[in-house]
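Visitor: sequence-free structure coming up:
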């Protein structure tokens with residue numbers, strides 16, 4: 001069933017996005033691709049630790065690591081190919097991306113960050129900014145040709161579950177390790 005969706009409407013959407021590319025959108029999508037990588041996120045979290053709030057930085061850092069563990073585990077369990085790998089003659093990826101596609105780690109990370117920041121600050125504008133950022137990251141992954149719509153949709157659906165599970169784990173550890 002999943003392969004039928006991938007070769008059907010999922011592929012059609014990715015190809016349509018590819019056929020309607022624009023250099024400004026290319027720049028936005030590629031920028032998000034590189035900013036959401038682990039090294040850049042680690043640097044941003046280090047800045048947050050230094051300049052803002054160490055507890056928040058630790059929360060975000062471990063949240064992103066937990067999300068990466070979940071995402072990588074699901075990728076190896078599900079083993080669904082990316083569109084540019086499954087259909088190299090039809091999809092031309094703008095970004096270099098290998099490995100399996102489902103779920104999208106970039107989208108899952110965006111949702112984890114949005115959820116944790118929203119819960120931390122408890123401000124409407126933080127939630128709105130997080131949702132907008134997550135949706136733009138989801139669009140960019142399809143636009144770049146490295147994910148199907150179902151990859152990003154799955155990440156959007158499991159994202160809140162991952163945030164909830166992470167917060168339970170974090171609370172469990174924090175109760176047992178003083179100063180964590």
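Guide: The structure has been received and is ready for your questions. The model shown is predicted, which means the values in this text are computed figures rather than measured ones.
Visitor: packing partners for the longest helix belonging to the chain?
Guide: Secondary structure assigned by DSSP state H gives helix 149-176 as the longest helix of the chain. Applying 3 or more C-beta pairs under 8 Å, 6 or more residues apart in numbering; DSSP states H and E, we find helix 149-176 packed against helix 54-78, helix 105-121, helix 124-143. Every residue, glycine included, has its C-beta placed from N, CA and C.
Visitor: may I see the buried residues of the first one?
Guide: Judged by neighbour count using 16 or more other C-beta atoms under 10 Å, the buried positions of helix 54-78 are 56-64, 66-68, 70-71, 74-75.
Visitor: now it and helix 105-121, what's the angle there?
Guide: In terms of direction (axes from the mean of the first three to the mean of the last three C-alpha atoms, to 10 degrees), helix 54-78 departs from helix 105-121 by 150 degrees.
Visitor: what mean pLDDT does the helix or strand following helix 54-78 get?
Guide: As assigned by DSSP states H and E, the chain's next helix or strand after helix 54-78 is helix 83-86. Average pLDDT, helix 83-86: 90.
Visitor: then stretch 149-168?
Guide: 96.
Visitor: now swap in stretch 125-133 and tell me
Guide: Per-residue scores along stretch 125-133 average to 95.
Visitor: how far off centre is it?
Guide: Centre-to-centre, stretch 125-133 and its host chain are 14 Å apart (C-alpha atoms, centre = their mean, to the nearest Å).
Visitor: hmm, back to that, could you dump the helices and strands packed on helix 149-176 into CSV with distance to residue 26 added?
Guide: Below are those laid out as CSV (distance: least, C-beta to C-beta, whole Å):
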stretch, distance to residue 26
helix 54-78, 25
helix 105-121, 16
helix 124-143, 8
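Visitor: closest to residue 43 out of those?
Guide: helix 54-78 (11.3 Å; C-beta to C-beta).
Visitor: what mean pLDDT does that closest one have?
Guide: Mean predicted confidence for helix 54-78 is 90.
Visitor: now do that helix against helix 149-176, angle only.
Guide: 130 degrees.
Visitor: helix 54-78 packs against which elements?
Guide: Going by 3+ C-beta pairs under 8 Å, 6+ apart, helix 54-78 lies up against helix 38-51, helix 105-121, helix 149-176.
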